[in-house]
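Undergrad: Have a look at this prediction, sequence included:
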Amino acid sequence: MSQQFNDYPEVTFHPDHSGGTGKIWKIFWVLSILTIIELGLGYFLYAKQAELGYAAVLSTKVAIAILTLAKAYYIVSVFMHLGDEIRNFIMTIVVPLVLFVWFIIAFLADGSSWKNLRNTRGGSRVDQTEQVQPESKHK
C-alpha cells in the first residue's frame with residue numbers, strides 16, 4: 001500500500017504568500033523602529049558613559065544586544081523564509097549556530113585565562129630573581 005505525501009502534513013506544508021506587500025511593510029517598520037531605538041541607546045551611551053555607573057552601562061549594552069537579536073530573528077524568519085519551515089529544519093540551523101557561538105565564547109575565555117596564568121606563572125614556580133629576601137635584623 002503506497003502512502004501519499006498528504007499523509008505527512010509537514011512535507012506538504014505550503015506557506016501563505018497572500019500577505020503581499022503589507023507583511024513586508026510591517027516588518028520594515030518593526031526593523032526601522034528597532035534600529036532607531038538601538039541608535040538612540042548607542043548615542044545616549046556614547047554621550048553619557050562617563051557619567052553613568054557600571055550597572056547602567058552594562059544594562060544599556062544588554063538592551064542593545066537584545067534588540068539586535070530581535071532584528072536578526074525578524075530578518076532570518078521573514079526575509080530568509082526560515083519562519084515558514086518545519087521545526088526540525090529550523091533546529092538543524094539554530095542548534096549548530098548556538099553551539100558555534102558558545103565555542104567562540106568558551107575559547108576566548110580559555111585563552112584569556114591561559115594568558116593570565118602565563119603572565120603570573122600560575123604560581124607553579126618561583127624564579128631566583130623573584131625570591132623574597134628575609135628582613136635584616138640589624139636596625
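TA: That came in fine, so what should we check first?
Undergrad: buried residues in whichever strand or helix holds residue 24?
TA: Element membership for residue 24 (DSSP states H and E) is helix 21-48. By 16 or more other CB atoms under 10 Å, the buried positions in helix 21-48 come out as 27, 31, 34, 38, 45. The C-beta positions use only the backbone N, C-alpha and C, and glycine is treated the same way.
Undergrad: Closest one to residue 68 out of these, please.
TA: residue 38 (6.7 Å; CB to CB).
Undergrad: which ones are touching that closest one?
TA: 64, 67-68, 71 (CB atoms under 8 Å, 6 or more residues apart in numbering).
Undergrad: Please repeat the previous calculation with a cut-off of 10 Å.
TA: 63-68, 70-71 (CB atoms under 10 Å, 6 or more residues apart in numbering).
Undergrad: where in the chain is pLDDT low?
TA: Along the chain, the model assigns pLDDT under 70 to residues 1-19, 118-134, 136-139.
Undergrad: Mind jotting down where the helices sit in it?
TA: Using DSSP state H, the helices of the chain run over residues 21-48, 54-74, 87-119.
Undergrad: got the domain boundaries for the chain?
TA: Listed by automatic domain parsing, the domain ranges of the chain are 16-84, 86-122.
Undergrad: rewinding a little: now, the most widely separated pair of the buried residues of helix 21-48?
TA: 27 and 45, at 26.6 Å, using CB to CB across these.
Undergrad: what number of residues lie near residue 103?
TA: A count of nearby residues for residue 103, using other CB atoms under 10 Å, gives 10.
Undergrad: brain fart, residue 71
TA: So residue 71, with other CB under 10 Å, has 15 neighbours.
Undergrad: swap in residue 65?
TA: With other CB under 10 Å as criterion, residue 65 counts 11.
Undergrad: for it, what are its contacts?
TA: Contacts of residue 65 (CB under 10 Å, 6+ apart): residue 38.
Undergrad: Quick check: the closest residue in space to residue 70 that isn't next to it in sequence vs residue 49, distance?
TA: Excluding the flanking residues, the one nearest residue 70 by CB to CB, 6 or more residues apart in numbering is residue 34, at 6.0 Å. Distance of residue 34 to residue 49, given as CB to CB, to the nearest Å: 22 Å.
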